[in-house]
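*Asks:* Kindly return the folded structure for what I paste below:
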Amino acid sequence: MQEVLLSCVIGAAVMRSLWLLVGLARVIPVHLRARTRRWALPEVLAFAELPIFLALTASLVVWPPPKPSPSLLALFGAGLGAMLGLAGVALSLWAIATTVRRRVILDAGHFVKEEHPLVTTGAYGFVRNPMYLGLILIWFGLAAALQKPVLLFMAIAYVVPVFWFYIRAEERMMATAFGAQFEEYRFRVGRLLPRVRRRTV
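*Replies:* Residues are numbered from 1 along each chain as shown. Predicted coordinates for the structure are as follows:
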């Protein structure tokens, strides 16, 4: 059972790595065509996470974790990790499907395309940053399933603060590009956690 749960969370990491590779292949041409683009410290710090995650995923595929301990704690960790990892993938796929329906392709980096609409429905009506929430869930899923303190430390001390910094920079760019429309959206929908009670303007 634990081996199946571990396979689920590793599979979640593989899925995220695949769409990362596609995004990285598109990043330069997409940014060259964007009407607004941004490269500063938040982007550099966030982009450093990409090779780390890809290397971690490759190591898990090439050198699978050893046979898990039969303890209840290990089983709980594997179950929690699989749940978080699969939730992260599901949320990310929901975000991708939402944007595809609006004829927007998600690409890596901070930019606003010429034809870029402000997407506020579907996954983006749940939280403003579903892709970033998804990747954070995958990081915590890996830490829980593999029971590696170093991964938990990476998630808490690096991934969460760096992406919070990155999101704030992105939202300043979106506020400049979309003005009052984005301000109304920001007031109504939570950044990374869904609001229990939706606020109204």
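*Asks:* what stretches of this protein score poorly on pLDDT?
*Replies:* 28, 30-35, 37-38, 68, 106-111, 113, 197-201 (pLDDT under 70).
*Asks:* Quick one: the helices in it, in order.
*Replies:* 2-33, 41-47, 49-62, 72-101, 123-126, 130-146, 149-154, 160-178, 180-188 (DSSP state H).
*Asks:* buried stuff in the second one?
*Replies:* Residues of helix 41-47 classed as buried under the neighbour-count rule (16 or more other CB atoms under 10 Å) are 42-43, 46-47. Where C-beta positions appear, they are placed from N, C-alpha and C, glycine not excepted.
*Asks:* What is the nearest of those to residue 4?
*Replies:* Using CB to CB, residue 46 is the member of the buried residues of helix 41-47 that lies nearest residue 4, at 32.3 Å.
*Asks:* so what's the closest one closest to, chain neighbours aside?
*Replies:* residue 166 (4.1 Å; CB to CB, 6 or more residues apart in numbering).
*Asks:* and the nearest residue to residue 147 once chain neighbours are set aside, what does it touch?
*Replies:* Excluding its sequence neighbours, the residue lying closest to residue 147 (CB to CB, 6+ apart) is residue 77, at 5.0 Å. By CB atoms under 8 Å, 6 or more residues apart in numbering, the contact set of residue 77 is 144-147.
*Asks:* Check the gap between residue 36 and residue 174 for me.
*Replies:* Distance of residue 36 to residue 174, given as CB to CB, to the nearest Å: 9 Å.
*Asks:* Show me which of these two is the more surrounded one.
*Replies:* With neighbours defined as other CB atoms under 10 Å, residue 36 and residue 174 compare such that residue 174 has more, 21 against 14.
*Asks:* what's near enough to touch the more buried one?
*Replies:* Contacts of residue 174 (CB under 8 Å, 6+ apart): 112, 118, 182.
*Asks:* can you give me the offset of stretch 136-147 from its chain's centre?
*Replies:* Distance of stretch 136-147 from the chain centroid (CA atoms, centre = their mean, to the nearest Å) equals 13 Å.
*Asks:* Please list the outside residues in contact with that stretch.
*Replies:* The contact list for stretch 136-147 (CB under 8 Å, 6+ apart) reads 5-6, 9-10, 12-13, 16, 53, 56, 65, 73-74, 77-78, 80-89, 91, 148, 151-152, 154-155, 159-160, 163, 192.
*Asks:* Can I get it in PDB? Just the C-alpha atoms.
*Replies:* Extracted in PDB, the C-alpha atoms of stretch 136-147 (Å, rounded to 0.1, in the frame of the first residue of the first chain):
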ATOM      1  CA  ILE A 136       3.500  24.100  -3.100                       C
ATOM      2  CA  LEU A 137       1.200  21.200  -2.400                       C
ATOM      3  CA  ILE A 138       3.500  18.900  -4.400                       C
ATOM      4  CA  TRP A 139       6.500  20.000  -2.500                       C
ATOM      5  CA  PHE A 140       4.800  19.300   0.900                       C
ATOM      6  CA  GLY A 141       3.500  16.000  -0.500                       C
ATOM      7  CA  LEU A 142       7.000  14.900  -1.400                       C
ATOM      8  CA  ALA A 143       8.300  15.900   2.000                       C
ATOM      9  CA  ALA A 144       5.500  14.000   3.800                       C
ATOM     10  CA  ALA A 145       5.600  10.900   1.700                       C
ATOM     11  CA  LEU A 146       9.400  10.500   1.700                       C
ATOM     12  CA  GLN A 147       9.800  11.700   5.300                       C
END
